[in-house]
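K.L.:
Provided below for reference: sequence and predicted model.
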Amino acid sequence: MRRHRNIKIVATLGPASSDYDTIRALFEAGADVFRLNMSHGTHDDHRARYDVIRKIEADTGRPIAILADLQGPKLRVGTFKDESAELTDGQAFRFDLDETPGDSTRAQLPHPEIFAALEVGSGLLVNDGKIRLRVEECGPDFANCTVTVGGTISNRKGVNVPDVVLPLAALSEKDRDDLEFACQLGVDWLALSFVQRPEDMLEARELAKDRAAVLAKIEKPAAVRAFQQILAVSDGIMVARGDLGVELPVESVPPIQKRLVRGCRAAAKPVIVATQMLESMIESPMPTRAEVSDVANAIYEGADAVMLSAESAAGQYPIEAVTTMDHVARSVESDPTYREVIEASRKADRTTVADGIVAAAREIAETTDIQAICAHTQSGTTVSLVARERPRTPIIAMSPIPRVLRRLCLTWGTHCVATQPLERFRQAVIVAAKAAREFRFAAENQQIVVTAGVPFNTAGTTNILRVAPCDESLIFRSETE
């Protein structure tokens, strides 16, 4: 089950992908991480899918990561007398807390937190930005607006407030319940929605208690502005381009995506590019050329993963969508321009022994005939640092801790292999050589680079690098000693 590409594929599960055969087919087609979207389905639905994934993991002998994506608070308008109303450009419209069904002049907005944060000139977006309003006057329980872009407004459509930081926690009561459920279930990653400030991530991390790694979904303008502070307290990032494209000018999203990907790479933290990557494949077996270019662009940028949402969760062609991503990734990564772009963007501050070890491992691997970089790890940090280098040589991540290997399934270029706890560096070399041969990274008389830390079984001690042969006689002697 070796992947012949470096970027990882995240596939969302749903009604179109819930049974063993389909999920296994998705895995075999190239999915490395499965996403459970807590916005849809019940806990029983997610538990059943979780159990299927773990069975596939056992049946194939390959670690698989599971990501639970929390819904976040949902801001919506109230209801209307006739279920909808027409708004025209330039007209006046009022939002308030009155529960009376709305009409073409007013509607309920049952979120006093929004009114508390609004200022004159703030923008309000309804129904994914299809309707736009500007605040002319506001108070603790109302906002008088001018419609700048009209359209049909209807019951419980979503509201975005792009210009202000809302006094809302990123975790609703539902999210807290879902977070605890997901952690008890045993997911490997949690994705936090509606992040606006680093404190949102700190709260989620405190609740997770290291039972799962926590990544921040960057989907609010406030999160873009506070990105470096959010990144510092996150285990990873998701560039959630859907809401970003609603709350910010669409032309600003591509450069933001590039900045976020580079920031994550410099910090050696995984980054997922998500939303509408192969949207047309919900209903078509073939993607558009623009979608293929979009996926390719994320790969050229050096993202750790690209994600499918409705394409694999509810679409008619989930397996074809994963297969398409896999083919695009292989094609891009075989392009000489890809290596030029990746290596030109290699800008990392190296301040620790581990930084020096992994940089040396890449240099040695790329200047000599090395087949793989084998990194033994207790926490995953060493492997993340190796991946930050984006080496030309495959990375074999080795650990005796299943949850570490599963989390690393999201990291660029990693092939994760379970090992027994090790006591000596010689054991580490032998185990690495066996894995390199078993998974066909190297053959007899070819060489690998092995990194590890002494003392063993202690996180943060990477301090050894060795070039070793994949010598069958060496492996045989170790098995008979």
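P.N.:
Received the coordinates, thanks.

K.L.:
Could you use CA atoms for every contact and neighbour count after this?
P.N.:
Noted.

K.L.:
Just grab the bridge partners of the residue most central in space within the chain for me.
P.N.:
Against the mean C-alpha coordinate of the chain, by Cα atoms, centre = their mean, the closest residue is residue 272 at 3.5 Å. In this structure, residue 272 has beta-bridge partners residue 238, residue 305, where bridges are defined by DSSP bridges.

K.L.:
Touching, it and residue 303? I think so.
P.N.:
Yes: using Cα atoms under 8 Å, residue 272 makes contact with residue 303 at a distance of 6.4 Å.

K.L.:
So what touches the lengthiest helix in the chain?
P.N.:
In terms of residue count, the longest helix belonging to the chain (DSSP state H) is helix 43-60. Among residues not part of helix 43-60, those counted as contacts by Cα atoms under 8 Å, 6 or more residues apart in numbering are 13, 18, 19, 20, 23, 24, 36, 63, 64, 66, 181, 185.

K.L.:
give me that answer again for 6 Å
P.N.:
20, 63 (Cα atoms under 6 Å, 6 or more residues apart in numbering).

K.L.:
returning to that earlier point: need the pLDDT of the residue nearest to the centre of the chain.
P.N.:
In the prediction, the pLDDT value recorded for residue 272 is 98.

K.L.:
what does residue 346 give?
P.N.:
Here, the pLDDT recorded for residue 346 equals 83.

K.L.:
Phi, psi for the closest residue to it other than its chain neighbours please.
P.N.:
Excluding its sequence neighbours, the residue lying closest to residue 346 (Cα to Cα, 6 or more residues apart in numbering) is residue 389, at 6.7 Å. When read as degrees, to the nearest 10, the backbone of residue 389 gives phi -70, psi -20.

K.L.:
Tally up the residues packed near residue 389, please.
P.N.:
By the other Cα atoms under 10 Å criterion, the neighbourhood of residue 389 contains 23 residues.

K.L.:
same check, this time on residue 41
P.N.:
Other residues near residue 41 number 12, with proximity taken as other Cα under 10 Å.

K.L.:
is it fair to say it lies in a strand?
P.N.:
No: secondary structure of residue 41 (DSSP: H, G, I helix; E, B strand; the rest coil): coil, not part of a strand.

K.L.:
Can you tell me the closest non-neighbouring residue to it?
P.N.:
Setting aside the residues directly before and after it, residue 41 is nearest to residue 14 in space (Cα to Cα, 6+ apart), at 8.0 Å.

K.L.:
pLDDT wise, what is that neighbour at?
P.N.:
Predicted confidence (pLDDT) at residue 14: the value is 97.

K.L.:
same check, this time on residue 242
P.N.:
Among the per-residue scores, residue 242 shows a pLDDT of 88.

K.L.:
in the stretch 201-350 of the chain, which segments are predicted with low confidence?
P.N.:
Per-residue confidence of the stretch 201-350 of the chain (counting by pLDDT under 70) places the weak regions at 348.

K.L.:
Can you name the residues that contact residue 415?
P.N.:
Residue 415 sits in contact with 396, 397, where contact means Cα under 6 Å, 6+ apart.

K.L.:
what's the distance between it and residue 255?
P.N.:
30 Å (Cα to Cα, to the nearest Å).

K.L.:
what's the helix or strand for the closest residue to residue 353 other than its chain neighbours?
P.N.:
In space, not counting the residues next to it along the chain, residue 353 is nearest to residue 463; the distance is 6.4 Å by Cα to Cα, 6+ apart. Residue 463 belongs to strand 462-469 when elements are defined using DSSP states H and E.

K.L.:
now for that strand, which elements pack on it?
P.N.:
strand 447-453 (3 or more Cα pairs under 6 Å, 6 or more residues apart in numbering; DSSP states H and E).

K.L.:
how does it look with 7 Å?
P.N.:
When contacts are defined as 3 or more Cα pairs under 7 Å, 6 or more residues apart in numbering; DSSP states H and E, strand 462-469 sits against helix 353-367, strand 447-453.

K.L.:
hmm, who's touching that strand?
P.N.:
The set of residues external to strand 462-469 that reach it, using Cα atoms under 7 Å, 6 or more residues apart in numbering, is 353-354, 357, 382, 445-454.

K.L.:
in its sheet, what does that strand sit against?
P.N.:
Those paired with strand 462-469 in the sheet (DSSP bridges) are strand 447-453 (antiparallel).

K.L.:
and the partner strand, average pLDDT?
P.N.:
For strand 447-453, mean pLDDT is 92.

K.L.:
any chance of the helices and strands packed on strand 462-469 in CSV, with mean neighbour count and distance to residue 29 too?
P.N.:
Output for those, formatted as CSV (neighbours: other Cα atoms under 10 Å; distance: least, Cα to Cα, whole Å):
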stretch, mean neighbour count, distance to residue 29
helix 353-367, 18, 29
strand 447-453, 25, 28
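
K.L.:
quick one, which of those is nearest to residue 315?
P.N.:
Between residue 315 and the helices and strands packed on strand 462-469, the shortest separation by Cα to Cα is 40.5 Å, and it involves helix 353-367.
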